[in-house]
Structure formats: structure tokens, C-alpha cells
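# coords please:
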Amino acid sequence: MEVFEYLYEWPNLKSHPPFFPARFPSKRVDDGESDSYSDESEDKIESKDEIESKNDIEPVAKQEIKIFPGFLPNDVTLVVEEQHLHLNKDLLSSASPVFEAWLKKEWQQDECSDDTKRKLKFPGKTYDEMATFLKCLLPMFPDKVTDETLDTVFPLADEYRTETLITECVEVIRQRVESVYEVDIYIPPSRIVTYLLWIDKYNIHSLREALVELTSYLKIEEVENEPVYENIGLQLKLEMSNARAKLLESLFVSNITEAKERLYELKIPHSSYYLVEWKQHVAKLVKDVLASPVSENSTWPKTSAYKKWKGSSFMRAEPKISTEIVYSFACLDICDRLKYLESYAKVTMKIKSLEIGKADFKFIWSNYYSTDISNTNATMERLSLDICKCN
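Here you go, the predicted model:
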């Protein structure tokens, strides 16, 4: 009945992790996780002097914590930094073959008492690290691995061979790396180097190509200046160097349409912190296009006329769109993608001056400026509403 008494006594169970404290007097207790406090703490508002005077008071020891295992008993205790974590043996064994072997050995020692057999000591581990690891490992917790907890969880997941948790850690890295091509997210060189070190350390070679590619978008000195860069293997360094050389060769562009094509072909990261020099060069190309005035020859073919030409069996010259219009479209797309806000405002004004209708805008976009990117149509719709007449 004791477990269920805890359930009824615990306030707002859904918003708290299922840690259950032993019975102690109602005092403020720092257990590293719990938000629980006594009624007395809300009635009294402490002054600044009272708060500062507490710096000389010894911190209150962390209380013992029980991890509620559903309807299973807490029959094993992990001792970390003299603190106790109470868990269920079967849950722990099913989550890790290392724990399974360890617990099996302990339970087979007949000379041990019940108390001795039920305690596992973890010298060298910290209480906070183990609590974070176990909350991500055990199924009764909602906690998921994040990039902020990777440095704690991944080493322990590898040490205790928790394959499910290792897979989750790898997926967190994969999603974070892929996100730089979708939204404006910057992963600093220090973090990328950490990921690179983990490739060989934790045997996560499925991420090798993606991480090497991401590294190539940074300045080489930014990566090499990281203190732990020297710990990266020679083969991986060679792959990074080759990827960088290949990228630089493919980045050469002489006009704005080539820049637009590279933007999609190479899957350029959104953040301005990647490929800084190249993006500065592209920004200059955009400004050069915008500096040229709109000429009288910048005309749009009528949609109906173009459709009639497309449906004809006779060989006819395709209606021509001026280079100036093509360049304006390229500038519009680049400024929208790379967030060149000032230039974006100017190019929209330039296209608006042509007084193009919405139908013509969509038609020209899809026939003269189509890409294989899945969100192209959504981008076209958004830009057409922003720029064109409502017709």
C-alpha cells in the first residue's frame, strides 16, 4: 500500500517525473530535479540579506529517490555519490545487457545478504549524470535525448550497451545536422568537431558523410582551431579536406542564375555563418542586378499566348523573356532563401513595377524557373501573393 499512498500524496503527478521521495519532514530539499516544497516556503518571502546570508550555510544533503516502476517492486538500489536511486531489477536488466550480467552475478552470490545483493555502487559517476541517463533509458519517463543531454547520455549509453538509447542519440545528431538545410540553424565548429570525434569513438559511421559535408561549409581554420581537432583520425581529416576542395571547385559562379542553381544543387545551409565568403559574393551579384534600371524591353509573354504556342504542332519561336526578368526571378529566390532583407525589398519593388498579374507570375515561375525542390510551389504561391496583383 505504500507505493499507492505515494501516488495519492504526490501533487500534480502528470507534470512531475515519477520520482518518489522517502518520508521526510516538510522542508525545502534540493534533489537536483524535484520542484516540491513545503507550505511554509510560500508564506515567507525572504529579504535579499537573508538570501545572501545563506551562502555560509552548508547545503542540504540530497534525499534518497525512488523511481516508480509501475506495478513492479523497487528491488535494486544504485548508489551514486552516496545517494540512492531505487529501481526495478527486471526493468534495468531488460534495458542493458551490462546491467543484466551485473545483476545476475549479484543475485547468484549466496553469501551476500539481501541488502548487499540489492545495492550496486557506481564509483566515478555523478548523481546528476546517472539520473539524466536513467530518465532517458527507462520507459516510464517521458524524457527524450536532446542535443543538450547528448554529452551525458551518449557515453553512458555506449558504456552500458543500451542499443535503443544509442539509436536515439544518433537520430538526434542526424536531425540536427539535416536541419541546417531547412531552417536558419547554426551548429558551431566546436559541436561539429565533437560529433566527428564520436564517429570512431561510438562507431556511428552512418553519420560520417553528412558530418564531413557539413564541415566543408565552414572555414577550415575554424575547425582546425578547435582544441580537440588533433584527436580526429587522419582518414577522417583527409575526407574533410577532399570534401572542402570539391565544394570550392563547384561553387564558382559568374552570374546570378548560376548562383541560384548552386544554391539548390549543393544544398547550401541557410545560416549566414556557413560559406561566408561565397554568400558575400552572391550578395554582390544580387546588388549588381538591382542596380540596373528596368528597360522597356522587359516584357512578359501573355499566359494564353504561351499556352497556345505550347499546344501548336508547328515549329515556332518560343516567346522570349528578357535576361533582366530571369535575373530578377533569381534575385527574388536567392534573397528569400538567404534572408537578404534589404535586397529582397528592392527586388520585389522592381518586379512590382512590371505590373505582372498573379497568373502570369505563376506561369513564368513554373516554366522558366522550375526546380525539383519539393516546396517550390509553396514558395511560388507565397511570393506571388506578396508581389503580384490579385488577378
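# just the mean pLDDT for stretch 287-302, thanks.
Along stretch 287-302, the predicted confidence averages to a pLDDT of 71.
# to clarify, my last question referred to stretch 360-372.
Stretch 360-372 shows a mean pLDDT of 63.
# stretch 180-194 now?
What stretch 180-194 shows for mean pLDDT is 95.
# what is the neighbour count of residue 351?
Neighbour count of residue 351, defined by other C-beta atoms under 10 Å: 22. Yep, even glycine has a C-beta here, placed from its N, CA and C like the rest.
# that one touches residue 328, doesn't it?
Yes: Residue 351 is within contact range of residue 328, at 5.5 Å (criterion: C-beta atoms under 8 Å).
# what's the closest non-adjacent residue to residue 267?
Once flanking residues are discounted, residue 267 sits nearest to residue 181: 5.1 Å by C-beta to C-beta, 6 or more residues apart in numbering.
# so where is the stretch 1-150 of the chain shaky, pLDDT-wise?
Residues of the stretch 1-150 of the chain that meet the criterion pLDDT under 70 lie in 1-73, 107-117.
# kindly report the same for the stretch 251-391 of the chain.
294-321, 357, 364-391.
# all strands of it, in order?
Listed in chain order, the strands of the stretch 251-391 of the chain (DSSP state E, counting those that start in this stretch) amount to none at all.
# overlap in contacts of residue 351 and residue 328?
Shared contacts of residue 351 and residue 328, defined by C-beta atoms under 8 Å, 6 or more residues apart in numbering, are absent.
# what helix or strand is the residue nearest to residue 267 on?
Element membership for residue 181 (DSSP states H and E) is empty, with no helix or strand holding it.
# quick one: it and residue 271 touch, right?
No: the pair residue 181 / residue 271 is not scored as a contact, 10.0 Å apart, by C-beta under 8 Å.
# ok, back up a step: and the residue nearest to residue 267, what is it in contact with?
By C-beta under 8 Å, 6+ apart, the residues touching residue 181 are 267, 268, 269, 270.
# give me the buried entries from those residues.
The neighbour count (16 or more other C-beta atoms under 10 Å) marks 268, 269, 270 as buried among those.
# OK, contacts around the residue nearest to the last one when sequence neighbours are not counted?
If the residues on either side of it in the chain are set aside, residue 270 comes closest to residue 184, at 4.6 Å by C-beta to C-beta, 6+ apart. Shown in contact with residue 184 (C-beta under 8 Å, 6+ apart): 270, 271, 339.
# if we can go back for a sec, let's have the buried ones among the contacts of residue 181 in a markdown table, adding distance to residue 76.
What follows is the buried ones among the contacts of residue 181, written out as a markdown table (distance: C-beta to C-beta, whole Å):
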| residue | distance to residue 76 |
| --- | --- |
| 268 | 52 |
| 269 | 47 |
| 270 | 48 |
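# what are the boundaries of the strands in the stretch 101-250 of the chain?
Taking DSSP E, counting those that start in this stretch to define them, one finds strands in the stretch 101-250 of the chain at 119-121.
# for it, just list every one of the helices.
Under the criterion DSSP state H, counting those that start in this stretch, the stretch 101-250 of the chain contains helices at 114-117, 127-137, 150-159, 163-179, 189-201, 208-216, 220-224, 234-250.
# so which of the ones you listed is nearest residue 92?
Shortest separation from residue 92 across the helices of the stretch 101-250 of the chain is recorded for helix 127-137, at 8.6 Å, computed as C-beta to C-beta.
# which positions in that closest one come out as buried?
Residues 127, 129, 130, 131, 132, 133, 134, 135, 136, 137 are the ones in helix 127-137 that count as buried (16+ other C-beta under 10 Å).
# go on, stretch 170-180?
The neighbour-count check on stretch 170-180 (16+ other C-beta under 10 Å) flags 170, 172, 173, 176, 177, 180 as buried.
# count of neighbours near the residue lying closest to the fourth one once chain neighbours are set aside?
Taking C-beta to C-beta, 6+ apart as the measure, residue 176 lies nearest to residue 147, with 5.7 Å between them; neighbours along the chain are not counted. Applying other C-beta under 10 Å, we find 14 other residues in the vicinity of residue 147.
# now residue 147: how far from residue 265?
Counting by C-beta to C-beta, to the nearest Å, the gap between residue 147 and residue 265 amounts to 29 Å.
# can you map out the helices along the stretch 251-391 of the chain?
Using DSSP H, counting those that start in this stretch, helices in the stretch 251-391 of the chain cover 256-265, 276-291, 303-311, 323-338, 341-352, 358-368, 376-387.
# now the fourth one and helix 341-352, what's the angle there?
Spelled out, that is helix 323-338. 140 degrees (axes from the mean of the first three to the mean of the last three C-alpha atoms, to 10 degrees).
# if you count neighbours, what's buried in helix 323-338?
Counting neighbours by 16+ other C-beta under 10 Å, one finds that the buried residues in helix 323-338 are 324-338.
# for it, which helices and strands make contact with it?
Using 3 or more C-beta pairs under 8 Å, 6 or more residues apart in numbering; DSSP states H and E, the elements in contact with helix 323-338 are helix 256-265, helix 276-291, helix 341-352, helix 358-368, helix 376-387.
# what angle separates it from helix 256-265?
Here helix 323-338 runs at an angle of 40 degrees relative to helix 256-265 (the same axes, to 10 degrees).
# can I get helix 323-338 in CSV, CA atoms only?
Extracted C-alpha coordinates of helix 323-338, given in CSV (Å, rounded to 0.1, in the frame of the first residue of the first chain):
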residue,chain,number,x,y,z
THR,A,323,17.5,38.2,-69.3
GLU,A,324,16.6,41.0,-66.9
ILE,A,325,13.4,39.3,-65.9
VAL,A,326,15.2,35.9,-65.4
TYR,A,327,17.8,37.7,-63.2
SER,A,328,15.0,39.3,-61.2
PHE,A,329,13.4,36.0,-60.5
ALA,A,330,16.8,34.6,-59.5
CYS,A,331,17.4,37.5,-57.2
LEU,A,332,14.0,37.1,-55.7
ASP,A,333,14.6,33.4,-54.9
ILE,A,334,18.1,34.0,-53.5
CYS,A,335,17.1,36.9,-51.3
ASP,A,336,14.1,34.9,-50.0
ARG,A,337,16.3,31.9,-49.3
LEU,A,338,19.4,33.6,-47.8
